[in-house]
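Colleague: my questions concern the predicted model and sequence given below.
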Amino acid sequence: KQWYQRRVRGGIYLSVSGKADGGEVELFIREVVLRPEMKEQCSKFFIFFNCECEPHNALILQIVLEVLDTLRITSSPTMSPYSAPSQARPNLPIPAGYTLAPIQLSHIDHIIQHQRESDEGRSESMLRIMVTSGIKERPSVGVFVDGQPDTPIAWCLMYQSGGLGPVYVMNTHRGKALARLMIREMQKRVEEVHGARPFAMIADDNVASQGLFTSEGWVKGNNFNLLVRK
């Protein structure tokens, strides 16, 4: 079993991997959540469980929810992981009038302006750090209108965790399979750079993204990500 925790902005990220015993999970959650510094400084917790099979996953989730209820802490499942297919699908043709190219640091302000509209959970400073590191340190892909290299109309980056995201297409350019185009291109680039298949964490209420990724052969995993608010 592996247990670890680390501070993230505004909260604590807890991770449990391996087939953990229910009693151990209960003690672990209670010990971490009730620490004085946690109660005073943190308004939320992100708890990520990597369990070996679906029945065990459900059991652990039930135990965690019961523990949190006794501590009078509310919770709700938020995201699930999707893994890319073992073999990347062929690249799609780029629609006429568009160009595919990596995102540059000069595009940061433009991206943040549009991401803030769909990402209410992050502050502008958090978005800036996330986008900057994604552009400087990891593969990225953007879609541009021909002759307009300074303003991407769609983009796909990669989080520090290794997951794809954010995947964004401006409203006026949707319905042209641009997100599908970027996902295939990013899988190819991630495999070339890192030698591993990418994954994506998708919100459980984001039906559109779930449908897009599953139609591309991505498979939902047994993990779950729990957001806990004090």
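Modeller: Done, it's in.
Colleague: give me the below-cutoff pLDDT ranges for this structure.
Modeller: 1-22, 25, 32-33, 36-61, 77, 118-122, 222-230 (pLDDT under 70).
Colleague: can you report how many residues neighbour the closest residue to H107 other than its chain neighbours?
Modeller: Using CB to CB, 6 or more residues apart in numbering and skipping the chain neighbours, the partner closest in space to H107 is P152 (5.6 Å). For the C-beta atoms, the positions are set from N, CA and C on the backbone; glycine is no exception. Residues near P152, counting by other CB atoms under 10 Å, number 25.
Colleague: just use 28 as the starting number from now, easier for me
Modeller: Let's use 28 as the start, then, which means that last one is P179.
Colleague: how close does P179 get to I162?
Modeller: Taking CB to CB, to the nearest Å as the measure, P179 falls 11 Å from I162.
Colleague: find the residues that touch each one of these two.
Modeller: Residues touching both P179 and I162 (CB atoms under 8 Å, 6 or more residues apart in numbering): I130, H134.
Colleague: could you pull out the helices for this protein?
Modeller: For the chain, the helices defined by DSSP state H occupy 49-60, 63-68, 81-97, 135-145, 151-164, 205-221, 234-242.
Colleague: tell me which residues touch the spatially most central residue of the chain, please.
Modeller: Centroid-nearest residue in the chain: M228, 3.7 Å away (criterion: CA atoms, centre = their mean). Listed by CB under 8 Å, 6+ apart, the contact partners of M228 are M106, S107, P108, Y109, S188, G190, G192, N252.
Colleague: touching, the first one and D231? I think so.
Modeller: Yes. Using CB atoms under 8 Å, M106 is in contact with D231, at 6.4 Å.
Colleague: so which of those two has more stuff around it?
Modeller: M106 (20 against 13).
Colleague: what pairs with the more buried one across the strands?
Modeller: A230, N252 (DSSP bridges).
Colleague: how close does it get to A235?
Modeller: Distance from M106 to A235, by CB to CB: 15 Å.
Colleague: same deal with Y109?
Modeller: 13 Å.
Colleague: these two: who's more crowded?
Modeller: It is Y109, of Y109 and A235, that has more neighbours when counted by other CB under 10 Å, with 23 against 9.
Colleague: for R116, which non-adjacent residue is spatially closest?
Modeller: Looking at R116 with CB to CB, 6+ apart, the closest residue is R211, at 5.5 Å.
Colleague: now swap in L208 and tell me
Modeller: Nearest non-adjacent residue to L208 (CB to CB, 6+ apart): L119, at 4.7 Å.
Colleague: the one you found: neighbour count?
Modeller: Neighbours of L119 using other CB under 10 Å come to 15.
Colleague: how far away is G50 from M153?
Modeller: G50 is 36 Å from M153, where distance means CB to CB.
Colleague: now restrict the contacts of M228 to buried residues only.
Modeller: Neighbour-count burial (16 or more other CB atoms under 10 Å) applied to the contacts of M228 gives M106, S107, P108, Y109, G190, G192, N252.
Colleague: for F226, see how far away the second one is.
Modeller: Taking CB to CB as the measure, S107 falls 10 Å from F226.
Colleague: what of the third one?
Modeller: P108 sits at a distance of 5 Å from F226 (criterion: CB to CB).
Colleague: what sits in contact with each of the two?
Modeller: Counting by CB under 8 Å, 6+ apart, the residues touching both P108 and F226 are G190, G248.
Colleague: which residues does W182 bridge with?
Modeller: Here W182, judged by DSSP bridges, has bridge partners G169, Y195.
Colleague: burial of it, as a residue count?
Modeller: For W182, the count of nearby residues is 27 (other CB under 10 Å).
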